[in-house]
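Colleague: Fold the following, please.
(one chain, ligands or ions: 1)
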Amino acid sequence: MNDTTVKIVGAGSIGNHLAHGCRQQGWAVTMTDRDPAALARSRNEIYPSRYGSWDEAVELAAPETLSERAFDLVIIGTPPDTHLDLAMAELEQRAPKVLLIEKPLCTPDLSACGALMARAQEQGTRVLVAYNHRLTTHTRLAVEWLETLGVGPVTTLRTLFREHWGGIFGAHPWLSGPADTYLGFTSRGGGAIGEHSHGINIWQYFAAISGQGRIHEVSAELDEVEHDGAAFDRIAQLSVRTESGLLGTIVQDVVTRPAQKWLRLEGEDGHLEWQVNVDPGHDLVRLSREDGQNREERVAKTRPDDFKGEIEHIGTLLADASKPSPLDLEEGLATMCVIAAALDSSRNGRRVRVDYSLLEGAGR
Ligand SMILES: NC(=O)c1ccc[n+]([C@@H]2O[C@H](COP(=O)([O-])OP(=O)(O)OC[C@H]3O[C@@H](n4cnc5c(N)ncnc54)[C@H](O)[C@@H]3O)[C@@H](O)[C@H]2O)c1
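Modeller: The predicted model follows:
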């Protein structure tokens, strides 16, 4: 759909990536931010330094000038503790066809999720949560190989999403450190458990596609620290069990350098390995079977490619909203339910059953 109109709320790091990705589709993009300096920084620094030059077709506008305008797609690319209020405001105004909310969906207290789901249903808006790793080329290949070759009955599943956040601060030179942003506060959707929740989310994805159902129980240990005015978990280690009984592990941290973003699905007949940035220009997928039927591909990619699959997928939903999506609100909310259970488990020293009661109100 080349007359697609997009509003991006939040002209920071992700807002610029997604603005560029939407422009690659030929869509009309408007970026807005409550901070005029962020709009100026997008035009003068972030966008030109990443993509060569500023794109004059991108409109920059103050939020209050846009409240009467309708858009096909609205993207909320602000800090997690603002996501739900901003999303609700969009649904109260001229509700878009698709509303993409950045990950993590919200803060771990999950307040206001129920209201968002109810309002989205009333308005007929498709709400998605931006766990983009579900739609990269190497993830699609992994899914295809699991369907065609498989690894036999699944025995365990492990993910690591371990990345020192120096890289994130490198991409945000205007921030002086963790206390300057949500990143330094687990309660605001930051810390390892929130910022690197791709680890939980991709675990859930591969568990679901291999027929293991949802995460049922969590035992977790988080390394929670207070440092220079910030209060965050540096490391989150989760042992999880699904509805089918599958036992696996998820580890996320903000201290590992170089980063490790890795998954391994173990089966009785073989295993699947998946890695983001196996080297600076490639993602990796490898399926090894005991019978020697092996597949391996290093998928060449650039940083914009991390978001290309996600944006193309949104294009298909804008054309046909009946298509299923691995980014649906229920999926992002299920990740939040595991985050909430992990915090409870770690802080109270007990195994916790994941409470999905909020999801009962979800529906697309
Ligand atoms: N999917 C990914 O790989 C990926 C990558 C980076 C960031 N993210 C997510 O994107 C979100 C934003 O991260 P970021 O790194 O771009 O942050 P950022 O600090 O670079 O940018 C956020 C922007 O939002 C603006 N903002 C804050 N509150 C606002 C409001 N109420 N109205 C309008 N604008 C407001 C700020 O002024 C800022 O310019 C986070 O949830 C983060 O986890 C996802």
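Colleague: what sits against the nearest residue to Asp306 once chain neighbours are set aside?
Modeller: In this structure, Asp306 finds its nearest non-sequential neighbour in Asn132, 5.9 Å apart by C-beta to C-beta, 6 or more residues apart in numbering. C-beta: built from backbone N, CA, C; applies to glycine. By C-beta atoms under 8 Å, 6 or more residues apart in numbering, the contact list for Asn132 reads Asp306, Phe307, Gly309, Glu310.
Colleague: Out of those, which is nearest to the ligand?
Modeller: In terms of C-beta to the nearest ligand atom, no member of the contacts of Asn132 lies closer to the ligand than Asp306, at 6.4 Å.
Colleague: Near the ligand, which residues of the stretch 101-250 of the chain are found?
Modeller: Proximity of the stretch 101-250 of the chain to the ligand, by C-beta under 6 Å from any ligand atom, involves residues Glu102, Lys103, Ala130, Asn132, His172, Thr181, Glu195.
Colleague: Need the worst-confidence member of the residues you listed.
Modeller: Across those, the smallest pLDDT goes to His172, namely 83.
Colleague: quick one: it is in a strand?
Modeller: No. His172 is assigned coil when assessed by DSSP: H, G, I helix; E, B strand; the rest coil, not a strand.
Colleague: related to what we said a few turns ago, hmm, which two among the residues of the stretch 101-250 of the chain next to the ligand are most spread apart?
Modeller: Longest distance between any two of these is 20.4 Å, between Asn132 and Thr181; criterion C-beta to C-beta.
Colleague: now the helices for the stretch 51-200 of the chain?
Modeller: For the stretch 51-200 of the chain, helices defined by DSSP state H, counting those that start in this stretch occupy the ranges 80-92, 113-123, 137-148, 166-170, 191-195, 198-209.
Colleague: Can you tell me what sits against the fourth one?
Modeller: The reference is to helix 166-170. Ser13, Leu175, Gly177, Leu183, Glu195, Arg257, Ala259.
Colleague: Okay, the closest residue to the ligand within the stretch 1-150 of the chain and Arg23: tell me how far apart.
Modeller: Residue nearest to the ligand within the stretch 1-150 of the chain (C-beta to the nearest ligand atom): Gly12, separated by 1.8 Å. From Gly12 across to Arg23, the span is 17 Å (C-beta to C-beta, to the nearest Å).
Colleague: and those two? which has more neighbours close in?
Modeller: Neighbours per residue (other C-beta atoms under 10 Å) separate Gly12 from Arg23, with Gly12 holding more: 23 against 18.
Colleague: That's all I had, so thanks and see you.
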